[in-house]
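S.K.: What follows is a predicted protein model with its sequence.
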Amino acid sequence: MELTNKNIAITGAGRGLGAAIARELCAVGANIAVIDIDAEAAASVASDLGTGNSRSYACDISREQEVNALFKQLEHDFDALHGLVNNAGITRDALMVKPQKDGSFKTMSLQQWQQVIDINLTGTFLCGRAAAESMIRSGGQGLIVNVSSISRHGNRGQSNYSASKAAVAALAVVWAQELAPYGIRSMSLSPGFTATEMVANMRPDALEKLQKLIPAQRLATPEEMARTVRFMFENDYLSGRDIGVDGGLRL
Ligand SMILES: NC(=O)c1ccc[n+]([C@@H]2O[C@H](COP(=O)([O-])OP(=O)(O)OC[C@H]3O[C@@H](n4cnc5c(N)ncnc54)[C@H](O)[C@@H]3O)[C@@H](O)[C@H]2O)c1
C-alpha cells in the first residue's frame, strides 16, 4: 500500500511503540488517528506529528461502546480508514501459584488475569471488528496489524500476557482469511524486549540479566518495530503471518 494520504488508526499511541509507529507512518505521508486512554498523551503525540491530517482520540479500547463510537467518529473525520495498528497493551505479571513459607499461596489474581485479557485481547477484537466494518463500508484496501509479543510462545510469570499475545497473533491469521475477499490484509508483529516505559518498569537487575540472554545483546528500539510495521503496510502480499523482531531471542 502506498501510504501517502492513507488514514491509519493506532491504539496506545500516546507513547512507546505506538508513538514511534505514528511518527514512522506519518513521515511517509499517512494521516494518523492517535488513540490512547490517556487523552493528554495522545494529543501531545498528534500535535508533534505536525503535518497532514493527524488527530488524537481518547478511548479505552476494552469498552465496546467507546470503541464503536470512536470508529464512527473516525468515519466522520477521515474519508476512509486504510489501516489499524492494534498496539495498546498492558502487563500485570505474577506467577500463577507461588507457595509461601507459611504454607499459603500467592497467586495471579483473577483481576490481574482479566485486566490483561480485557485490554490486550478483547480490546484488539473490538477495534479489529469496528475497523473491518469501516474498511468494508468504504470499499478500499486495508491492513490490520496486531501487536503481539515474543512472550506469545509462553513466558514465566506471564500466564495472562502470554495467553493474550498468542491469541492476538491467532486473530491476525483468522482475519487474513476472513477479510481477504474485501481487500483487507492482517498481520501480527512480535517484538522482543524494546526500550519503552513498559520495559523501564522492570527491575534493573532483571533487565541486565535479560539483555545478556538476547543474542543481539541489547534491547530493540521502538523505531526498529515501527519500520517493520511500515514494511507490512508497503508489501501487499504479506498477510496472515507474524513477524518476530527480537534480536534472535527465543523464550
Ligand atoms: N516494550 C516491549 O518490550 C514490548 C515487547 C513485546 C510486545 N510489546 C507490546 O507492544 C505494545 C506497546 O508496548 P509499549 O512498550 O509501547 O507499552 P507502553 O506501556 O509504553 O504504552 C502503551 C500505551 O497503551 C495505552 N493504553 C493502555 N491501556 C489502554 C486502553 N485500555 N485503551 C487505550 N490505550 C491504552 C497506554 O496509555 C500507553 O500509552 C503492547 O501491546 C505491548 O504488549 C512491547
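M.R.: That came through, no problem.
S.K.: Who are the contact partners of residue 177?
M.R.: Going by CB atoms under 8 Å, 6 or more residues apart in numbering, residue 177 touches residue 240. Every residue, glycine included, has its C-beta placed from N, CA and C.
S.K.: got it, and residue 99?
M.R.: Taking CB under 8 Å, 6+ apart, one finds residue 105 in contact with residue 99.
S.K.: check contacts around the residue positioned nearest the centre of the chain.
M.R.: Central residue of the chain (CA atoms, centre = their mean): residue 87, 1.6 Å from the mean position. Residues in contact with residue 87, defined by CB under 8 Å, 6+ apart, are 10-13, 17-18, 21, 145, 147.
S.K.: Name the nearest of the residues you listed relative to residue 209.
M.R.: Nearest to residue 209 among the contacts of residue 87: residue 17, at 22.7 Å, using CB to CB.
S.K.: Relative to residue 10, how far out is that closest one?
M.R.: Residue 17 sits 9 Å away from residue 10, going by CB to CB, to the nearest Å.
S.K.: do residue 141 as well
M.R.: According to CB to CB, residue 141 stands 18 Å off from residue 10.
S.K.: Looking at those two, which has the bigger crowd around it?
M.R.: Neighbours were tallied for residue 141 and for residue 10 using other CB atoms under 10 Å; the higher tally belongs to residue 10 (32 against 16).
S.K.: So what would you say the end-to-end distance of stretch 52-66 is?
M.R.: Using CA to CA, to the nearest Å, the end-to-end distance of stretch 52-66 comes out at 25 Å.
S.K.: Same question for stretch 137-147.
M.R.: With CA to CA as the measure, stretch 137-147 spans 24 Å from end to end.
S.K.: Stretch 215-225 too?
M.R.: For stretch 215-225, the end-to-end distance is 17 Å (CA to CA).
S.K.: what about it, near the ligand?
M.R.: No: Stretch 215-225 stays clear of the ligand (CB under 6 Å from any ligand atom), getting no nearer than 6.8 Å.
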